[in-house]
Each structure stands twice: as structure tokens, then as C-alpha cells.
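J.: sequence-free structure coming up:
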Ligand code: EPU
């Protein structure tokens, strides 16, 4: 095991904030991971498993070990007339996996094109975009229990998926490392173009009967136009979740703010576009030092160059406070804060 000390996290997290971890190591096999977790040097030390580093914000140095999953590769597990089951290792880049499937006409994840990060990070927050969530196509998750080192498979139901939620973020937080994910994809895909901006983009592209490649291309186009490229401008995608409120509260808000943007949610609730709420509070495009709110999508906080994690976090606190004051709605951070 190669253990690096005082390791800078700037280049392996997409916020690119300057922070250091006491130790850093990478695993590319299950055996290697077992050795790492049982090594005497790391005994009792807090650790964080990192994939693409695209949904985390470190507000200070981390006095523990960062363990990076670098297990790549994928394999077809089985197939029948309609479905194909593909297992992808946790360290595989998510978008590369999407393209692998789209190029073979295996449908189901094309709407999730261009999401940064790795396959192994996907189930933790049940990544979602343009009308599709990971839970819609996930068959099972292979994990290692960090305490017993046993391998355990979680079925889709056992993952307890919700909007940007799973068992791995809640009751089992920190107890399992995701090794691989098996997806159930469709060999006769039926594109899902129900999301407003996606159908509009396809229309603008002059496509009325889209293939999954067309859907993937349209999603790539929308994302590239609205969301900043983390290699050019540090960010972690949506910083907050879209909040869900009871219908009665929504009706009251709508009477005060007739243009409020909302989406249907589970029965009795309405989901609000947090980007709209933040924009209405005047934050869109605002900058405090090197921390800012993106000019095209207010849900995304950015690091212009040298913002610290703490400064970005403080900006997020100010945003939460002003949205609470104006709309009485409590925004919740979506990014994992350490
Ligand atoms: N809006 C504004 N101002 C803004 C941003 C958005 O008014 O600055 C309003 C617009 O009316 C827009 C609506 O909000 O039509 C929805 O915006 P958008 O389609 O960009 O989606 P979102 O709700 O802001 C969510 C996800 C994104 C995902 C998109 C598309 C969350 C927290 N975010 O954003 O996911 O790509 O939908 O499905 O659910 C991510 O999780 O990192 C992420 C980027």
C-alpha cells in the first residue's frame, strides 16, 4: 500500500479548494482495499472514500485518510430478449459508462449523460437529471462492510432510494464502500423526454423521434450550456436540493409569488426549483471574494480561483438564510460537507 502524506485535495475534488488530507491512498482491487482497511498505520483513523470528488466540499484540512476508488472496468453479467445486466466497477468514470451503453443502444441512463463523478458515487446520492434517477435502472450494488470486511449485495429496494438520498447517506453512512454497481438496461430503449428543457432542446435540434444517442447529445448540450465545466471553474453541480413542501404551504407561497417554479412531488407535496428561489433573492451571478453563485444556474456555487472551502460554505449559509427569510423555505445542502 502506497500511503502519501499531507496530500493536497485541490486537484482531486471539483471545487478545487486548497485543503490537505493527512494521508491519501488509492485502491484498484478488493484485496488491496482489505489491506488498506486493516493496515496498522491507519487503525482507528477516520477515512473518506472518494470517487471523482465531484460532490464534496472540504471546509478545512482532513485529519484522516482519503481512500480513492480506482477500480475501473465493466462486464455484461447476463441478458435476455429485453434487458441487459451490466456490472460497472465503482472507480469507472460515470460519463464513460453512459457513453459505452448509449453507443451500444442499451437504454436507461442516457438522460444522465455528462454527470461528473464515478459509478460508485452514483448510488450514494441517487444521481438524477432530466426526468431519470439512478434508482430507475439500478439492479444491485456490491459493497464491502468497512468493519467486518464482508462483501454484501444491496438490491434496489434495500438501497432505500429517495430524491438525492439512499441508505448509504443515511442509516448506513460510512459503513459500506461501494465496489460495483449492476444496471438493468433496456435493449429496446424507449427514450424518456418528459423533462421540459429536454423536449425543447430536441425540438430545437429538429428531432421528433429521438434515439437514445439523440437524447444523450441533447442532455450534453443543455448541461454544457448551463453548468460550468469543473475543470475550468470549480464547482460541485447543484449545491442545494430542490426543497419539497406541503401543498398547503405551496398554495400560500404561490398566492404571494405567482411565478414560483415548481414540479410535482410525492402526494401531498410540491417540489420547488431552488435555483429560482435563490435567483429571486438576488444571488445569481453574485461573488464574494473568489466564492460565487453561477451566472446561468443559481443552484451552482463556484470557486473562481482561490476560495477556501470555508468561504464557499459561508456563502451557502448566507443563501440559506436569505431564502428562509424571503420564502420561509429551508434549503438543504446536497453536496457532502466534510
Ligand atoms: N431556475 C431559475 N433560476 C436558476 C436556475 C433554475 O429560475 O438560476 C428555474 C428555471 O425555471 C428552470 C427550473 O428552475 O426551468 C429548473 O432548472 P433546471 O432544469 O436547471 O433544474 P434544477 O432543478 O435547477 C435539477 C438537478 C440537476 C439536474 C437538473 C436537470 C437538483 C438539486 N438538481 O436542477 O442536478 O441536472 O435538475 O434534471 O435536483 C446536480 O444534482 O448536481 C445537478 C446538476
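T.: Yep, it's here. What you see is a predicted model, and the numbers here were worked out from it, not measured in a lab. Numbering: from 1, shown residues only.
J.: Quick check: which element contains whichever residue of the stretch 101-250 of the chain sits closest to the ligand?
T.: Residue nearest to the ligand within the stretch 101-250 of the chain: residue 237 (2.4 Å; Cβ to the nearest ligand atom). (C-beta placed from N, C-alpha, C; glycine too.) Per DSSP states H and E: residue 237 is located in strand 234-238.
J.: Quick test: name the residue nearest the centre of this protein.
T.: residue 127 (4.8 Å; Cα atoms, centre = their mean).
J.: my read: that one touches residue 115, true?
T.: Yes: Residue 127 lies in contact with residue 115 (Cβ atoms under 8 Å); the separation is 5.5 Å.
J.: hey, what's in contact with both of these two?
T.: Jointly contacting residue 127 and residue 115 under the rule Cβ atoms under 8 Å, 6 or more residues apart in numbering are residue 94.
J.: All the helices of the stretch 51-200 of the chain, in order from the start?
T.: Using DSSP state H, counting those that start in this stretch, the helices of the stretch 51-200 of the chain run over 94-103, 122-125, 196-204.
J.: Single out the most deeply packed of the ones you listed.
T.: helix 122-125 (a mean of 25; mean count of other Cβ atoms under 10 Å).
J.: just how off-centre is it within its chain?
T.: With Cα atoms, centre = their mean, to the nearest Å as the basis, helix 122-125 stands 7 Å off its chain's centre.
J.: between the helices of the stretch 51-200 of the chain, which one is nearest to residue 215?
T.: Closest to residue 215 of the helices of the stretch 51-200 of the chain is helix 196-204 (Cβ to Cβ; 7.2 Å).
J.: Which strands or helices does the closest one pack on?
T.: Counting contacts by 3 or more Cβ pairs under 8 Å, 6 or more residues apart in numbering; DSSP states H and E, helix 196-204 packs against helix 212-226.
J.: Pairing partners for the strand holding residue 237, with directions?
T.: Strands adjacent to strand 234-238 in the sheet, as given by DSSP bridges, are strand 300-303 (antiparallel).
J.: mind listing what's buried in the partner strand?
T.: 300, 301, 302, 303 (16 or more other Cβ atoms under 10 Å).
J.: I'd like the next helix or strand past that strand.
T.: Next element after strand 300-303 (DSSP H and E): helix 309-327.
J.: does any bit of that following helix sit next to the ligand?
T.: No: Helix 309-327 does not reach the ligand (Cβ under 6 Å from any ligand atom); its nearest approach is 11.8 Å.
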